[in-house]
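**Q** Test case, fold it:
(2 chains)
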Number of protein chains: 2
Amino acid sequence: MKEIRLALIGFGSVGREFCRIISERGSEWEEKFGCSFPVTVITTASRGSLMNPEGIDINRALEEINSYGRFGHDNPELSDITSMEAAALDSNDVVIEISTLNIESGQPATDHITAALKTGKHVITANKGPVAFHYRKLQKLAREENRHFLFEGVVMDCAPVFNLARETLPGCKIKGFRGILNSTTNYILCSMAKGMTFEKALQTAQEGGWVEADPSMDIDGWDAAAKTAALINVLMDGDITPPLIERAGISGISTEMIKANKKDGKVIKLICEGYLDDRGSARGRVSPTALTEEDRMARIEGTTSLLELNTDLAGKLSITIDDPKIGQTAYALISDLLTICRKY
Amino acid sequence: MKEIRLALIGFGSVGREFCRIISERGSEWEEKFGCSFPVTVITTASRGSLMNPEGIDINRALEEINSYGRFGHDNPELSDITSMEAAALDSNDVVIEISTLNIESGQPATDHITAALKTGKHVITANKGPVAFHYRKLQKLAREENRHFLFEGVVMDCAPVFNLARETLPGCKIKGFRGILNSTTNYILCSMAKGMTFEKALQTAQEGGWVEADPSMDIDGWDAAAKTAALINVLMDGDITPPLIERAGISGISTEMIKANKKDGKVIKLICEGYLDDRGSARGRVSPTALTEEDRMARIEGTTSLLELNTDLAGKLSITIDDPKIGQTAYALISDLLTICRKY
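**A** Down below sits the predicted model:
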């Protein structure tokens, strides 16, 4: 039995769900993949940190966070280790970077990932920032260190977007894409089409828990731009950052505009696009777009996401994930982990 | 540079397009994957056969078939080799099985594949029969021989259906699926909804060249049942053959029924389903089904295909390929070939 030892940088809802699934399904996967996945360190910004080289008691950690909102003061695995130290800890094999993101800098996630790769760890992240801002540099470092840098959860939760292109479309070029990739804005636009005000729709989305801490990250298209940049960098071999994406959000969209378009048989959606410009460079755009009702994008409701790939040899392929929950974001990390396990 | 030597059993439109793409893109892939792909033998039932251990002159072969409908009598590579002999030829690495299918027996494709695997070749096929009728046996043989048996083209052309599940959803269980997988019947139903008669719609599809030689294979749901069986066997670890699929075709569907359903806001589609029965066994069904217009299946037009997977950890994922052409079927073979090349 191989042991793949994990460091978790961050322990928010995704990290907790990741641990819950590992705890529930781990023994099945031990049998199937011949690997076990002990978590030896968990660091957080404000809930304490845990370390145990033999493997943290995950169920206790989950119970404590659920009960007290932080690790218990009497937990024998409590530790003063910092996130940067945990990322570089020699005894681990894989670092799972799910710390809170600063979207403007991609930090501190990018520093954690760099430290982990430089000390020989594989890295998995669900953080957009590093892939949107620093993909080439990080991918180059991973290649030099002969380590995997995987991030399926960055776009469309666990829907296999990056893995699809990497594993299932060899030799095929992606010439462009179109997608609905930000749940919050799609939920708001759908709610407004049903007659809700923008403010009420935003509030409902916030109560649903899927709006960024700073709502303008969603509303003004920054989250969509970060995902568009990530897709361009990875799928189209681009070299772009979110500020270089042509970007318009949905704050200018009124209920009246939505109604007027509906009369013309059209639906307004926040569309993310990647395309090749006249000189063959990959570029991106995020903009509210009036679509005919025949367009499959027009039919994407609520928090469902869709990505349509335009390829040279595989024609036009689309992938949809229906209304993903936190379990699907956590599975994105797990699918990356099992990919590493299979190639290890 | 590695040489991956290919035998082509069958040289219909898919085989010819495969060779055209290999000839066009081969040098690019040599650089990228470090492999070249000489075709050393091509066998056909009625167009002659070619063999050259140094690599057949593909462009000449294509020109001859396009000009005379068969290989030229003065082609120095002409050979008397049979398909069974070609499948077992020691000097090859990969056998590409694209002979004409007998859907009732899965032969002679299954015999070719068995001979190839037993003599140590990897096998790629776009033939439904072997996967629908003999998947377990062939997969077991491939595993024993430590060879790949790949067949992405069997369902939805090159849309990564089997590869998606195998490569991108590790540890995830597929609990069921629903799809529109037969182009001919979907094209006919769409045409009838626009007012065309069944007969006229079938004739148009036949002129388009995508109806099976025996149209009842499409119309009576046999092609859909074979694809459903293939998906159940591979994705749901089932053990089923097409006759065990509950099956109804579209010959009982009249223009009047389509109109009456339209009045109720419904659309009739030939839906393929895989599901677990009460005892947890994977079963399948092909049947014309009245769908509400909100159902994304209701919106699949013409020769576009859609597969929706219901999973335990990844939620509900759908994949669509828009109006695939012969190049997309050929790319299915190529994606399998490059997969073997990467793992070789």
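**Q** Poorly predicted segments of chain A, please.
**A** Across chain A, the ranges flagged by pLDDT under 70 are A:101-106.
**Q** show me the contacts for A:Glu293.
**A** A:265-267, A:299 (CB atoms under 8 Å, 6 or more residues apart in numbering or on different chains). C-betas here are computed from N, CA, C, even on glycine.
**Q** from the residues you listed, which would you call buried?
**A** A:266-267, A:299 (16 or more other CB atoms under 10 Å in any protein chain shown).
**Q** Next up, phi/psi of the residue sitting furthest away from the middle of chain A, please.
**A** In terms of distance from the mean C-alpha position of chain A, A:Lys263 ranks first, at 36.0 Å (CA atoms, centre = their mean). Backbone torsions for A:Lys263, taken as degrees, to the nearest 10, come to phi -60, psi -30.
**Q** out of the buried ones among the contacts of A:Glu293, which one sits closest to chain B?
**A** Nearest to chain B among the buried ones among the contacts of A:Glu293: A:Arg299, at 6.6 Å, using CB to the nearest CB.
**Q** Identify the residues contacting the closest one.
**A** Counting by CB under 8 Å, 6+ apart, A:Arg299 touches A:293, B:294, B:296, B:299.
**Q** Tell me the spacing between A:Ile98 and A:Cys272.
**A** 23 Å (CB to CB, to the nearest Å).
**Q** between these two, which one's more packed in?
**A** Shown here are A:Ile98 and A:Cys272; by other CB atoms under 10 Å in any protein chain shown, A:Cys272 has more neighbours (29 against 24).
**Q** these two touch, right, that one and A:Gly176?
**A** No: using CB atoms under 8 Å, A:Cys272 makes no contact with A:Gly176, being 11.2 Å away.
**Q** can you map out the helices along chain A?
**A** Listed in chain order, the helices of chain A (DSSP state H) span A:13-33, A:58-68, A:83-88, A:109-118, A:128-144, A:162-163, A:183-193, A:198-208, A:216-219, A:222-235, A:255-263, A:326-343.
**Q** Could you export stretch A:60-74 as CSV, CA atoms only?
**A** Extracted in CSV, the C-alpha atoms of stretch A:60-74 (Å, rounded to 0.1, in the frame of the first residue of the first chain):
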residue,chain,number,x,y,z
ARG,A,60,-12.3,14.8,15.3
ALA,A,61,-11.1,17.9,13.3
LEU,A,62,-14.4,18.0,11.4
GLU,A,63,-16.4,17.7,14.6
GLU,A,64,-14.5,20.5,16.3
ILE,A,65,-14.9,22.9,13.4
ASN,A,66,-18.6,22.1,13.1
SER,A,67,-19.1,22.6,16.9
TYR,A,68,-16.8,25.5,17.8
GLY,A,69,-15.9,27.0,14.4
ARG,A,70,-12.2,26.2,15.2
PHE,A,71,-10.0,23.3,16.3
GLY,A,72,-10.4,22.5,20.0
HIS,A,73,-7.9,24.0,22.5
ASP,A,74,-7.3,20.5,23.8
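**Q** which parts of it are buried?
**A** A:61-62, A:64-65, A:71-72.
**Q** Among these, which one lies nearest to A:Gly55?
**A** Nearest to A:Gly55 among the buried residues of stretch A:60-74, counting by CB to CB, is A:Ala61 at 11.2 Å.
**Q** Quick check: the gap between the residue farthest from the centre of chain A and A:Thr43.
**A** Counting by CB to CB, the separation of A:Lys263 from A:Thr43 is 54 Å.
**Q** now swap in A:His112 and tell me
**A** As defined by CB to CB, A:His112 lies at a distance of 9 Å from A:Thr43.
**Q** tell me, what's touching these two both at once?
**A** Residues touching both A:His112 and A:Thr43 (CB under 8 Å, 6+ apart) are A:9, A:83.
**Q** OK, contacts around the residue nearest to the spatial centre of chain A?
**A** With distances taken as CA atoms, centre = their mean, A:Val154 lies nearest the centre of chain A, 2.1 Å away. Contacts for A:Val154 (CB under 8 Å, 6+ apart) come out as A:125-128, A:131-132, A:162, A:227, A:230.
**Q** Make a markdown table out of these and add neighbour count and distance to chain B.
**A** Below are these laid out as a markdown table (neighbours: other CB atoms under 10 Å in any protein chain shown; distance: CB to the nearest CB, whole Å):
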| residue | neighbour count | distance to chain B |
| --- | --- | --- |
| A:Thr125 | 31 | 17 |
| A:Ala126 | 26 | 14 |
| A:Asn127 | 26 | 20 |
| A:Lys128 | 24 | 20 |
| A:Val131 | 28 | 17 |
| A:Ala132 | 29 | 22 |
| A:Phe162 | 23 | 9 |
| A:Lys227 | 27 | 18 |
| A:Ala230 | 27 | 17 |
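**Q** Give me the number of neighbouring residues for A:Pro243.
**A** 12.
**Q** for the one 10 residues further on, same thing?
**A** Close neighbours of A:Ile253, defined as other CB under 10 Å, add up to 20.
**Q** how much space between the residue of the stretch 1-150 of chain A found nearest chain B and A:Arg166?
**A** Among residues of the stretch 1-150 of chain A, the one nearest chain B by CB to the nearest CB turns out to be A:Trp29. It sits 5.5 Å away. The spacing between A:Trp29 and A:Arg166, counted by CB to CB, is 22 Å.
**Q** Between those two, which is the more surrounded one?
**A** More neighbours surround A:Trp29 than the other of A:Trp29 and A:Arg166, with 20 against 17 (other CB under 10 Å).
**Q** Excluding chain neighbours, what is closest to that one?
**A** Once flanking residues are discounted, A:Trp29 sits nearest to B:Gly171: 5.5 Å by CB to CB, 6 or more residues apart in numbering or on different chains.
**Q** again with A:Asn233
**A** A:Asn233 sits nearest to A:Tyr135 (CB to CB, 6+ apart), 4.0 Å away.
**Q** wait, what's in contact with A:Asp223?
**A** A:103, A:128, A:182, A:184, A:212, A:217.
**Q** so A:Glu246 makes contact with A:Tyr275?
**A** No: with contacts counted by CB under 8 Å, A:Glu246 stays clear of A:Tyr275, the gap being 10.5 Å.
**Q** Now for these two: what residues contact both?
**A** Between them, A:Glu246 and A:Tyr275 share these contacting residues under CB under 8 Å, 6+ apart: A:283-285.
**Q** In strands, which of those fall?
**A** Mapping the shared contacts of A:Glu246 and A:Tyr275 onto strands (DSSP state E) picks out A:283-285.
**Q** Quick check: A:Asp323 vs A:Met192, distance?
**A** Per CB to CB, A:Asp323 is found 19 Å from A:Met192.
**Q** before we move on, the earlier item: now distance to B:Pro108 too, for the contacts of A:Asp223, in JSON lines please.
**A** Putting the contacts of A:Asp223 into JSON lines (distance: CB to CB, whole Å) gives the following:
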{"residue": "A:Ile103", "distance to B:Pro108": "59"}
{"residue": "A:Lys128", "distance to B:Pro108": "52"}
{"residue": "A:Asn182", "distance to B:Pro108": "52"}
{"residue": "A:Thr184", "distance to B:Pro108": "56"}
{"residue": "A:Glu212", "distance to B:Pro108": "59"}
{"residue": "A:Met217", "distance to B:Pro108": "60"}
